[in-house]
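A.B. asks: What follows is a predicted protein model with its sequence.
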Amino acid sequence: MIYKAVTSSILVLLFTALIIVQAGCTKKENSAMTNDEMLARGKYLVRLGGCNDCHSPKIYTAYGPVADTTRLLSGHPEDLALPKIDTSMIQPGMWVMGNSHFTAWVGPWGASFTANLTPDEPTGIGTWTEDVFINSLRTGKHMGVGRPILPPMPWADIGKTSDEDLKAIFAYLKSLPPIRNAVPSPIPPNKLMAGK
């Protein structure tokens, strides 16, 4: 009889402990991330997404190009002009070309330059809100309402990520040091071809 009562009490305690632990886990899963967790998540997603591959100027090493850590995510350098382009190579079904920094791209859409993603107000995303950032990636429009975001930016795929992940990416980008770098505007195909 005592054995049965003790066993029942132990089972009740174990069951109660299990419910408390499970409730604690569920609460953590559903709670908002702390600021540090959000920044760490954003940094992880930016690295995983390869954002530095196009949005950071490069330095060349014995192992090839690597992101210039003094200009991370600052976009196409404003003082770097496009070289002479053989426009016959960029017709539909032909080649797409990129510069040696992978920050400028030329194709049937014209020339596109990777954006400055640092929080510099005049030249980067310093004046952007979280909503503007998310709308840009959901709609493929600059600032969510402007000109189209051009190739090779994979906005359609990035725009399918969760609001939480996009907010984390935005928080991380806003935490970076601002870098003043006025990226050139895109060059439409007719102007690119006229410069032949």
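C.D. replies: Perfect, thanks for sending it. Residues are numbered from 1 along each chain as shown.
A.B. asks: Which parts of the chain are strands?
C.D. replies: With strands called from DSSP state E, the chain shows them at 58-61, 64-67, 97-98, 104-107, 110-113.
A.B. asks: got the buried residues for the last one?
C.D. replies: I take that to be strand 110-113. G110, A111, S112, F113 (16 or more other Cβ atoms under 10 Å). C-beta here means a position set from N, CA and C on the backbone, and glycine is covered the same way.
A.B. asks: on that earlier part again, is it possible to export the strands of the chain to JSON lines including mean pLDDT and distance to S175?
C.D. replies: JSON lines is the format used below for the strands of the chain (pLDDT from 0 to 100; distance: least, Cβ to Cβ, whole Å):
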{"stretch": "strand 58-61", "mean pLDDT": "95", "distance to S175": "23"}
{"stretch": "strand 64-67", "mean pLDDT": "94", "distance to S175": "17"}
{"stretch": "strand 97-98", "mean pLDDT": "88", "distance to S175": "28"}
{"stretch": "strand 104-107", "mean pLDDT": "93", "distance to S175": "27"}
{"stretch": "strand 110-113", "mean pLDDT": "94", "distance to S175": "24"}
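A.B. asks: Tabulate the ones you listed in CSV, adding columns for distance to L192.
C.D. replies: As requested, these are exported to CSV (distance: least, Cβ to Cβ, whole Å):
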stretch, distance to L192
strand 58-61, 23
strand 64-67, 24
strand 97-98, 11
strand 104-107, 7
strand 110-113, 5
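A.B. asks: low-scoring stretches of the chain, by residue?
C.D. replies: Residues of the chain that meet the criterion pLDDT under 70 lie in 1-31, 195-196.
A.B. asks: change it to 50
C.D. replies: In the predicted model, the chain carries pLDDT under 50 at residues 3-21, 26-28.
A.B. asks: Residue ranges of each domain in it, please.
C.D. replies: In terms of domains, the chain is parsed into 1-31, 34-194 (source: automatic domain parsing).
A.B. asks: For the last one, give the distance from the opening residue to the closing one.
C.D. replies: I take that to be domain 34-194. End-to-end span of domain 34-194 (Cα to Cα, to the nearest Å): 52 Å.
A.B. asks: if we can go back for a sec, so which of the strands of the chain gets nearest N52?
C.D. replies: strand 64-67 (4.2 Å; Cβ to Cβ).
A.B. asks: Tell me which other helices or strands the closest one touches.
C.D. replies: strand 58-61 (3 or more Cβ pairs under 8 Å, 6 or more residues apart in numbering; DSSP states H and E).
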